[in-house]
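Visitor: here are the coordinates; sequence isn't available:
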């Protein structure tokens with residue numbers, strides 16, 4: 001069982017993790033000057049140790065990212081290839097960002113950049129948008145847990161009251177068991193039964209569950225573009241040996257959707273999707289391709305138009321899945337009744353609307369590594385040229401096609417600027433990216449005034 005928060009053992013784990021991370025970053029800094037020191041197998045072993053420390057801390061989301069680094073480094077080592085200088089710069093940048101996150105100094109934007117592995121490193125896996133978004137939410141959740149103030153200590157002499165002793169012991173075990181199940185390896189409700197769902201939903205009372213349009217779009221994209229075609233391919237390939245890669249990929253995509261549903265605060269939906277995933281993995285004869293398609297279609301309808309009717313629809317396709325009983329159905333109905341599509345007003349209220357002097361500065365941070373800054377400045381002319389070309393094409397043609405390229409480059413520039421501490425560039429590209437996100441959804445808003453604004457930037 002995990003140690004309770006505040007105990008000596010629980011406070012040692014993050015310190016040990018940060019120490020391991022500092023050692024890795026120091027090695028990367030040296031390897032930037034002497035690339036031969038960057039042995040992929042050694043780095044992979046260090047990242048694996050770091051992953052174990054992040055799991056023990058716990059730091060939600062971090063183990064998922066380190067797992068990708070570890071696998072990629074091991075593959076690189078087995079192939080006999082090494083890391084280039086550019087690879088080392090990008091890797092150092094990323095792990096310096098992880099240091100900032102471990103120290104609680106990374107803001108929400110920085111955490112979302114951390115969730116995306118460096119695209120410039122060719123041997124790293126390309127993470128799906130759903131996975132990236134899920135990990136970003138895990139990182140946010142971890143930051144909120146770390147920032148939460150400790151509850152006040154109330155000294156009570158329970159030894160004088162046997163009833164208090166019994167209540168205290170029972171409560172301690174219950175709380176520890178729930179905490180262990182909720183945060184083990186960052187997986188909320190992964191192995192929960194129906195009674196766990198009822199307990200989890202009851203804790204939320206009747207609070208609204210806000211699902212942003214971006215989260216909804218990502219989930220829709222995963223279902224329509226990934227899960228549905230894979231389910232159809234599975235149905236069209238009845239031979240078990242031939243369809244094995246298809247079923248494996250389908251199970252993986254379903255697990256990504258489970259992660260997203262957990263992190264947007266819908267444990268009952270996540271539990272249902274987890275039942276689908278587990279049925280696919282164990283080749284349950286009751287979970288056939290048509291059942292997967294029916295469930296995911298009903299899931300998409302439930303998220304887009306939540307409510308009791310949507311819960312009834314999902315419940316009607318649940319009997320083929322194990323572990324989804326009446327208690328789950330009740331929890332699902334309560335959950336879908338509280339879903340609201342849109343931006344949480346509390347988050348909107350936190351947005352900054354007026355730029356301060358430090359938000360427009362163009363000087364890099366005092367403690368930025370010279371080789372990291374040099375790498376960023378070396379790539380800056382090419383990135384700005386690509387951004388300018390795509391924005392001009394967008395303004396001239398009024399076609400939505402250049403938006404994706406412009407968003408990608410603006411996102412890259414924003415991440416690089418945040419890493420080296422050039423706040424003015426980070427703020428500008430952040431605002432530009434926000435505008436491009438809106439235009440991608442509403443291309444009709446691209447009028448003359450908007451086009452002039454974009455080209456003036």
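Guide: Everything's here; your move. Computed from a predicted model, the values in this text were never measured in an experiment.

Visitor: now stretch 218-226: buried residues?
Guide: 218, 219, 222, 223, 226 (16 or more other C-beta atoms under 10 Å). No exception for glycine: its C-beta is placed from N, CA and C like everyone else's.

Visitor: how far does it stretch from one end to the other?
Guide: Start-to-end span of stretch 218-226 (C-alpha to C-alpha, to the nearest Å) is 11 Å.

Visitor: lowest average confidence, helix or strand, in the protein?
Guide: Least confident element among the helices and strands of the chain, by mean pLDDT, DSSP states H and E: helix 162-183 (a mean of 34).

Visitor: if we only consider the buried residues of stretch 218-226, which is nearest to residue 387?
Guide: residue 218 (23.9 Å; C-beta to C-beta).

Visitor: so the residue nearest the centre of the chain is in which element?
Guide: For the chain, the residue nearest the mean C-alpha position is residue 135 (1.6 Å; C-alpha atoms, centre = their mean). Element membership for residue 135 (DSSP states H and E) is helix 129-147.

Visitor: could you do residue 97 as well?
Guide: Assigned by DSSP H and E, residue 97 belongs to helix 85-102.

Visitor: and the next helix or strand past that helix?
Guide: Counting by DSSP H and E, the next helix or strand C-terminal to helix 85-102 is helix 108-114.

Visitor: what about residue 44, how many neighbours?
Guide: Using other C-beta atoms under 10 Å, residue 44 has 20 other residues around it.

Visitor: make sure it is indeed in a helix.
Guide: Yes - assignment of residue 44 by DSSP: H, G, I helix; E, B strand; the rest coil places it within a helix.

Visitor: related to what we said a few turns ago, closest to residue 260 out of the buried residues of stretch 218-226?
Guide: Nearest to residue 260 out of the buried residues of stretch 218-226 is residue 219 (C-beta to C-beta; 5.9 Å).

Visitor: show me what contacts the closest one?
Guide: 130, 257, 260, 261, 300, 303 (C-beta atoms under 8 Å, 6 or more residues apart in numbering).

Visitor: for it, grab phi and psi.
Guide: Note on residue 219: backbone dihedrals following degrees, to the nearest 10 are phi -70, psi -40.

Visitor: roughly how far does it sit from residue 416?
Guide: For residue 219, the distance to residue 416 equals 29 Å [C-beta to C-beta, to the nearest Å].

Visitor: ok, then the element right after the lengthiest helix in the chain?
Guide: In terms of residue count, the longest helix belonging to the chain (DSSP state H) is helix 370-397. The first helix or strand that comes after helix 370-397 along the chain, using DSSP H and E, is helix 401-420.

Visitor: next helix or strand past that next one?
Guide: In N-to-C order, the element after helix 401-420 by DSSP H and E is helix 423-441.

Visitor: so that following helix versus helix 401-420, what angle?
Guide: Interaxial angle of helix 423-441 relative to helix 401-420 (axes from the mean of the first three to the mean of the last three C-alpha atoms, to 10 degrees): 150 degrees.

Visitor: tell me the angle helix 423-441 makes with helix 370-397.
Guide: Taking the same axes, to 10 degrees, helix 423-441 and helix 370-397 form an angle of 40 degrees between their directions.

Visitor: for residue 340, helix, strand, or coil?
Guide: strand.

Visitor: list the contacts of it.
Guide: 208, 209, 210, 211.

Visitor: surely the second one touches residue 334?
Guide: No - between residue 209 and residue 334 there is no contact, the gap being 10.2 Å when judged by C-beta atoms under 8 Å.

Visitor: could you list the low-pLDDT ranges of the stretch 201-350 of the chain?
Guide: Scanning the stretch 201-350 of the chain for pLDDT under 70 picks out the ranges 201-206, 214, 319-320, 347-350.

Visitor: need the strands for it, in chain order.
Guide: Ranges of strands in the stretch 201-350 of the chain, per DSSP state E, counting those that start in this stretch, are 209-211, 339-341.

Visitor: now distance to residue 56 too, for those, in CSV please.
Guide: Listed next are the strands of the stretch 201-350 of the chain as CSV, based on distance: least, C-beta to C-beta, whole Å:
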stretch, distance to residue 56
strand 209-211, 30
strand 339-341, 34
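
Visitor: winner for burial among these?
Guide: strand 209-211 (a mean of 20; mean count of other C-beta atoms under 10 Å).

Visitor: can you list the residues that contact that strand?
Guide: Strand 209-211 has contacts (C-beta under 8 Å, 6+ apart) with 264-266, 303, 335, 338-344, 347.

Visitor: from residue 454, how far off is the residue lying closest to residue 413 once chain neighbours are set aside?
Guide: Leaving aside its sequence neighbours, residue 413 sits nearest to residue 429 (C-beta to C-beta, 6 or more residues apart in numbering; 4.5 Å). According to C-beta to C-beta, residue 429 and residue 454 sit 13 Å apart.

Visitor: those two: which has the busier surroundings?
Guide: Set residue 429 next to residue 454 and count neighbours by other C-beta under 10 Å: residue 429 wins out with 24 against 18.

Visitor: distance check, that one against residue 362.
Guide: Residue 429 is 13 Å from residue 362, by C-beta to C-beta.

Visitor: cool, residue 208 as well?
Guide: On the measure of C-beta to C-beta, residue 208 and residue 362 end up 41 Å apart.

Visitor: looking at these two, which one has more neighbours?
Guide: A side-by-side neighbour count of residue 208 and residue 362, using other C-beta under 10 Å, places residue 208 first with 14 against 10.

Visitor: from what I can see that one touches residue 336, true?
Guide: No - the pair residue 208 and residue 336 does not pass the contact test of C-beta under 8 Å, sitting 12.0 Å apart.

Visitor: tell me which residues touch the closest residue to residue 322 other than its chain neighbours, please.
Guide: Leaving out its chain neighbours, the residue that sits closest to residue 322 by C-beta to C-beta, 6+ apart is residue 275, at 6.3 Å. Applying C-beta under 8 Å, 6+ apart, we find residue 275 in contact with 318, 321, 322, 323, 324.

Visitor: ok so, going back, quick one, the helix holding residue 97 and helix 370-397 angle?
Guide: Relative orientation of helix 85-102 and helix 370-397, computed by the same axes, to 10 degrees: 100 degrees.

Visitor: and the contacts of helix 85-102?
Guide: The contact list for helix 85-102, computed with C-beta under 8 Å, 6+ apart, reads 14, 17-18, 21-22, 24-25, 28-29, 31-32, 35, 38, 59, 62, 83, 106, 110-111, 113-114, 117-118, 120-121, 123, 139, 143, 369, 371-372, 375, 416, 419.

Visitor: related to what we said a few turns ago, what pLDDT, on average, does the helix holding residue 135 get?
Guide: What helix 129-147 shows for mean pLDDT is 71.

Visitor: ditto for stretch 444-457
Guide: Stretch 444-457 comes out with an average pLDDT of 83.
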